[in-house]
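Q: all I have is the shape, not the residue letters:
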């Protein structure tokens, strides 16, 4: 747990302001913030950990179809959107922090092959919270997770998205 406080403080916002401030935490999925707000926020949710828990619970309890919407809103790791500069600012920082902007041509080709194999098997992009990781560990994770079944991998993707959200909220906190 962190002693940091989010600014603006979620407990002091109306719904529209909360969604404007935190609706981008889950990639192109402001409905997660909307539902978290509707469940009720208090001063405890001014901490990144508590807000991450509340928002993560919304995604975890969502139907598989809604979960897949959020999963599919994420870009491929080291994919075409990254090369074209079309990622959100958060995704750009996260991928660069893991060194994905420093891949050799051979590594980029391997990422492309694994991204395609993963999407062919599961029907959605590979999701991994890459903060604190590197391109070698990410490539290894692809190989391991390609062995999962669809339900297990959807659950894993949701867990990873919730980790990404926590990292994003922590990055926005002060204190």
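A: It's in. Bear in mind that the values here come from a model prediction, so they are computed numbers and not experimental data.

Q: in the chain, which helix or strand is least confident?
A: In the chain, no helix or strand scores lower on mean pLDDT, DSSP states H and E than helix 80-83, which sits at a mean of 62.

Q: which parts of stretch 22-37 are buried?
A: Using 16 or more other CB atoms under 10 Å as the burial criterion, the residues of stretch 22-37 that qualify are 22-27, 29, 31-37. For glycine as for every other residue, the C-beta is placed from the backbone atoms N, C-alpha and C.

Q: ok, residue 86 - how many residues close by?
A: Using other CB atoms under 10 Å, residue 86 has 12 other residues around it.

Q: cool, and residue 151?
A: Residue 151: 9 neighbours (other CB under 10 Å).

Q: could you point out which element follows the strand or helix carrying it?
A: Assigned by DSSP states H and E, residue 151 belongs to helix 150-172. The C-terminal neighbour of helix 150-172 among helices and strands, as given by DSSP H and E, is strand 173-174.

Q: now do that following strand: which elements does it pack against?
A: Applying 3 or more CB pairs under 8 Å, 6 or more residues apart in numbering; DSSP states H and E, we find strand 173-174 packed against strand 5-6.

Q: which other residues reach the strand it packs on?
A: Here strand 5-6 makes contact (CB atoms under 8 Å, 6 or more residues apart in numbering) with 46, 47, 48, 51, 169, 172, 173, 174, 175.

Q: how about the contacts made by the nearest residue to the fifth one once chain neighbours are set aside?
A: When the adjacent residues along the chain are set aside, residue 169 lies closest to residue 48, with 3.8 Å between them (CB to CB, 6 or more residues apart in numbering). In this structure, residue 48 makes contact with 2, 4, 6, 166, 169, 170, 172, 173, judged by CB under 8 Å, 6+ apart.

Q: cool, thanks, talk later.
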